[in-house]
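> okay, sequence plus prediction incoming.
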Amino acid sequence: MSIVTLLTDFGTRDEYVGAMKGVILSINPSATIVDITHHLDPQDITGAAYLVQSCYRYFPPGAIHLAVVDPGVGSDRKMLALASGGHVFLAPDNGLLSLVLKKGPVDALRYIDDARLFLPSVSRTFHGRDIFAPVAAHLSLGLGIEETGKPAHLSSLVLLDLPVPRKSDKGELVCEIVTVDRFGNLVTNLDEETLQRFRGDREAGKIQVRISHRTITGLADTYSAVRGGDPLATIGSRGYLEIAVSAGDARDFFMADRGDRVYVTVAA
Amino acid sequence: MSIVTLLTDFGTRDEYVGAMKGVILSINPSATIVDITHHLDPQDITGAAYLVQSCYRYFPPGAIHLAVVDPGVGSDRKMLALASGGHVFLAPDNGLLSLVLKKGPVDALRYIDDARLFLPSVSRTFHGRDIFAPVAAHLSLGLGIEETGKPAHLSSLVLLDLPVPRKSDKGELVCEIVTVDRFGNLVTNLDEETLQRFRGDREAGKIQVRISHRTITGLADTYSAVRGGDPLATIGSRGYLEIAVSAGDARDFFMADRGDRVYVTVAA
Amino acid sequence: MSIVTLLTDFGTRDEYVGAMKGVILSINPSATIVDITHHLDPQDITGAAYLVQSCYRYFPPGAIHLAVVDPGVGSDRKMLALASGGHVFLAPDNGLLSLVLKKGPVDALRYIDDARLFLPSVSRTFHGRDIFAPVAAHLSLGLGIEETGKPAHLSSLVLLDLPVPRKSDKGELVCEIVTVDRFGNLVTNLDEETLQRFRGDREAGKIQVRISHRTITGLADTYSAVRGGDPLATIGSRGYLEIAVSAGDARDFFMADRGDRVYVTVAA
């Protein structure tokens, strides 16, 4: 097993991703390299945190997940190697792994600092190529995570303060749009389990989702359950509450974006 | 042989394509996965139909071609597995395979419905990941197409009513722009053979191609056969009549787009 | 070893790159294909020349680097196969390999003209698919470069007249922005060695970089060495002088672009 996934804000116009792949294949010519995305907004650590968490579990255990959004590259920020539930994650210690750390077990956690694993010449501005890529390649060849550097402790890490759904004074569940996907679907931070707990034994058909002064009643099963152009709420493929427009774009429809609030109630 | 090609409207900003690849590699770690494109406009089934047809024959027989543009995901729309000329195609039954079905033999045709091949938990909104990807992976491991589900009949399928070149009352050949490529080249639905039949024994140099009140005389062999900035007509690499601008962009030059008509005559 | 890298201006919306990969895998199913980029501006040979040169050395020797920006496709322009320092490069003879040829050894140089290696039917408009891809695949299977065609001589090749840093009458080092990356960093043609030679034994902290009527003093080690929003000069990951803005976009900040001049002096 030698899968290495890549998640960066490097884009695909420059040579950056290609150079990382060259480094990996120079060390492990049999590595299977999979692009998750390189189109995160520059320096969007929060977006990367959601993305890495939403995807890795579809890969087989043993996969190495390399995630580099790294505005502090070359400074004294640290670099992490994390083993969690059979998967390995490599990322700067800047909060990128916050959700993986919060939701998964921490089976091993190291600061990447063994320079023998790096490229012979390490730049100050591109550790994705010079440090992360060769370390990922060595791990994909069977190197133990404990060989990457000295132990790190969860309590010392940089963690993002990500919004969680909360109950308002009025009894509403207040959640937040955390991702807008390429279809314009608005993905919130409200997971299905929390929603069901909030609903309790009240009717599912009475769930009301309010966004931008508009209220959607009930959860749709599919994007085509309502007429083309009409909005709907559904549990999306990530397992989170999502607002969509059938055959349309909910971002445009609601003029909503990441960070906007969504309110959930259950009608009497 | 275990090539799986992917053609979707999922874009490359989200985790959708990565998750599909993870699913495929979890089942067949040796699969070679090739992206055709993920940048079809959302819900552009017609564009997908042209694209899948233009590309598959360059892959070796045995390749699995997975094409997911699926606005009806989770509804009662069906899913297809098609064997044609040594290739296997998987797609929603929404017309996406219209051109492959029209131009190639139908060696086997099944509705994908054997849930044992799916992910254990199937969402209502992402069958690319939960159904198509695992089925493709099993096929790439040697599963027979007849194992994917019950037989389907061509006459029951959803087929697109795609435009075909037709002769007008004035004796012109009326064709249509069906794709505009990234260079701005305008690709029509007029294949070389139909054009030659229309021309008969008249001189090739007298072919006239009319678009947006402008007439181009003769077919160029190459994009650089005319001066930079000048328009030309040629038989493009798909084997279809194409209007281009040398070192320029024909979409901008003619302010033309998909769906616009192109008229072909042969001067006396 | 059978790595084939791809560098084109084909974009990723059409079937062009997928068709090339299908051709390669039809000939060598074990080839590892790596995309460098397909997002060069259409016909941007100069951009391709910089990109191919900045990336290949991170791949293991034996890799085949296929670079196709080819406005003259189908005309009498020639096609090249170059062996240099253990790497093989395939490209049109239009200047694309200028920097590789200038900086590396020329171990073998051939015109690609043995039609037995091409697809059976060669279009006039897509040699990437019909000629370059199959030749790359055959080379990746072990074909010797001398089998691709007759010898070519460096003196006959098309070479770009690329700008090099020069000393002005006032004693400034005049260099030029040759690439703007996706972060908006302005990469110049001034390599670190030339800069150090120019500086001599004067203090590094007194280097002054002037761009758009603004002067930056000293070289930063990292992008985060200055306050967010402030500009800096650094030696970037390519080994060239680069102007950046910490947590920002230098292209927007300076309203600068490719071709703009940058002046370097050392204060007394």
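Received the coordinates, thanks. Numbers count the residues shown, from 1 in each chain, chains lettered A, B, ... in the order given.
> how close does A:His65 get to chain B?
For A:His65, the distance to chain B (Cβ to the nearest Cβ, to the nearest Å) stands at 10 Å. No exception for glycine: its C-beta is placed from N, CA and C like everyone else's.
> report how many residues lie close to that residue.
A:His65 has 26 neighbours, counted by other Cβ atoms under 10 Å in any protein chain shown.
> doesn't A:Gly86 make contact with it?
No: with contact defined as Cβ atoms under 8 Å, A:His65 does not reach A:Gly86; the gap is 11.4 Å.
> number of residues surrounding A:Gly47?
Residues near A:Gly47, counting by other Cβ under 10 Å: 22.
> try A:Ile27
Close neighbours of A:Ile27, defined as other Cβ under 10 Å, add up to 18.
> now swap in the one 3 residues further on and tell me
Residues contacting A:Ser30 under the criterion other Cβ under 10 Å number 9.
> can you pull the residues of the stretch 51-200 of chain A lying near chain C?
For the stretch 51-200 of chain A, the contact set with chain C under Cβ under 8 Å from any Cβ of the partner chain comprises A:Pro71, A:Gly72, A:Val73, A:Gly74, A:Ser75, A:Ser123, A:Arg124, A:Thr125, A:Phe126, A:Arg129, A:Asp130.
> is it true that the second one touches A:Leu96?
The reference is to A:Gly72. No: in this structure A:Gly72 lies outside contact range of A:Leu96 using Cβ under 8 Å: 11.0 Å.
> hmm, back to that, would you list the residues of the stretch 51-200 of chain A next to chain C in a markdown table and tack on pLDDT and distance to C:Pro151?
A markdown table is the format used below for those (pLDDT from 0 to 100; distance: Cβ to Cβ, whole Å):
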| residue | pLDDT | distance to C:Pro151 |
| --- | --- | --- |
| A:Pro71 | 95 | 50 |
| A:Gly72 | 94 | 51 |
| A:Val73 | 94 | 45 |
| A:Gly74 | 92 | 46 |
| A:Ser75 | 93 | 51 |
| A:Ser123 | 94 | 38 |
| A:Arg124 | 92 | 43 |
| A:Thr125 | 94 | 41 |
| A:Phe126 | 97 | 38 |
| A:Arg129 | 98 | 36 |
| A:Asp130 | 98 | 38 |
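> might you report the residue contacts of the closest residue to chain C within the stretch 101-250 of chain A?
Ranking the residues of the stretch 101-250 of chain A by distance to chain C (Cβ to the nearest Cβ) places A:Phe126 first, at 3.5 Å. Neighbour list for A:Phe126: A:Tyr16, A:Ala19, A:Val73, C:Gly236, C:Ser237 [criterion: Cβ atoms under 8 Å, 6 or more residues apart in numbering or on different chains].
> wait, what's in contact with A:Glu203?
A:Val266.
> A:Ala267 versus that one, what's the distance?
The spacing between A:Glu203 and A:Ala267, counted by Cβ to Cβ, to the nearest Å, is 8 Å.
> and what of A:Pro231?
For A:Pro231 relative to A:Ala267 (Cβ to Cβ), the value is 17 Å.
> with A:Thr5 instead?
Using Cβ to Cβ, A:Thr5 is found at 43 Å from A:Ala267.
> those two: which is more packed in?
Comparing A:Thr5 with A:Ala267 by other Cβ under 10 Å, the one with more neighbours is A:Thr5, at 25 against 12.
> against C:Ser140, how distant is A:Thr8?
Distance from A:Thr8 to C:Ser140, by Cβ to Cβ: 27 Å.
> over to A:Leu96?
From A:Leu96 over to C:Ser140 (counting by Cβ to Cβ), the distance is 36 Å.
> so between these two, which is more surrounded?
It is A:Leu96, of A:Leu96 and C:Ser140, that has more neighbours when counted by other Cβ under 10 Å, with 29 against 24.
> quick one: secondary structure of the more buried one?
Classification of A:Leu96 by DSSP: H, G, I helix; E, B strand; the rest coil places it in coil.
> in contact with it, which residues?
A:Ile45, A:Ala48, A:Ala49, A:Val52, A:Ala67, A:Val69.
> can you give me phi and psi for it?
Main-chain torsions, A:Leu96, degrees, to the nearest 10: phi -60, psi -30.
> do the helix or strand hosting A:Thr5 and chain B meet?
Using DSSP states H and E, A:Thr5 sits within strand A:3-8. Yes: counting by Cβ under 8 Å from any Cβ, chain B has neighbours in strand A:3-8: A:Ile3, A:Thr5.
> do that strand and chain C meet?
No: Strand A:3-8 stays clear of chain C (Cβ under 8 Å from any Cβ), getting no nearer than 10.3 Å.
> so how many other residues sit close to A:Glu192?
There are 14 residues near A:Glu192, going by other Cβ under 10 Å.
> how about A:Leu109?
By other Cβ under 10 Å, 21 other residues sit near A:Leu109.
> hmm, it is touching A:Met79, no?
No: shown here, A:Leu109 and A:Met79 do not form a contact pair, counting by Cβ under 8 Å, at 11.8 Å.
> can you read off the pLDDT for the spatially closest residue to A:Phe10 that is not a sequence neighbour?
In space, A:Phe10 comes closest to A:Tyr16 once its chain neighbours are excluded; the distance is 4.1 Å by Cβ to Cβ, 6 or more residues apart in numbering or on different chains. Per-residue confidence (pLDDT) for A:Tyr16: 98.
> I'd say A:Tyr16 and A:Gly128 touch.
Yes: between A:Tyr16 and A:Gly128 there is a contact under Cβ under 8 Å: 6.9 Å.
> what sits in contact with each of those two?
A:Thr8, A:Phe10.
> what about stretch A:182-189 and chain B, any contact?
Yes: for stretch A:182-189, a contact with chain B is found by Cβ under 8 Å from any Cβ, at A:Arg182, A:Phe183.
> what's the end-to-end length of that stretch?
With Cα to Cα, to the nearest Å as the measure, stretch A:182-189 spans 17 Å from end to end.
> how close does A:Gly104 get to A:Leu82?
Look at A:Gly104 and A:Leu82: by Cβ to Cβ, they are 9 Å apart.
> okay, these two: which has more neighbours?
A:Leu82 (23 against 19).
> now that one: how far from A:Ala250?
Counting by Cβ to Cβ, the separation of A:Leu82 from A:Ala250 is 34 Å.
> all helices for the stretch 51-200 of chain A, in order.
For the stretch 51-200 of chain A, the helices defined by DSSP state H, counting those that start in this stretch occupy A:98-103, A:127, A:133-140, A:192-199.
> ok, back up a step: would CSV of the contacts of A:Phe126 with secondary structure and neighbour count be doable?
Shown next, in CSV, are the contacts of A:Phe126 (DSSP: H, G, I helix; E, B strand; the rest coil; neighbours: other Cβ atoms under 10 Å in any protein chain shown):
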residue, secondary structure, neighbour count
A:Tyr16, helix, 27
A:Ala19, helix, 25
A:Val73, coil, 23
C:Gly236, coil, 23
C:Ser237, coil, 24
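> just give me the closest of the residues you listed to B:Glu242.
Nearest to B:Glu242 out of those is A:Tyr16 (Cβ to Cβ; 33.9 Å).
> residues contacting A:Val23?
A:Leu119, A:Arg129, A:Asp130, A:Ala133, A:Pro134, A:Ala137, C:Tyr58.
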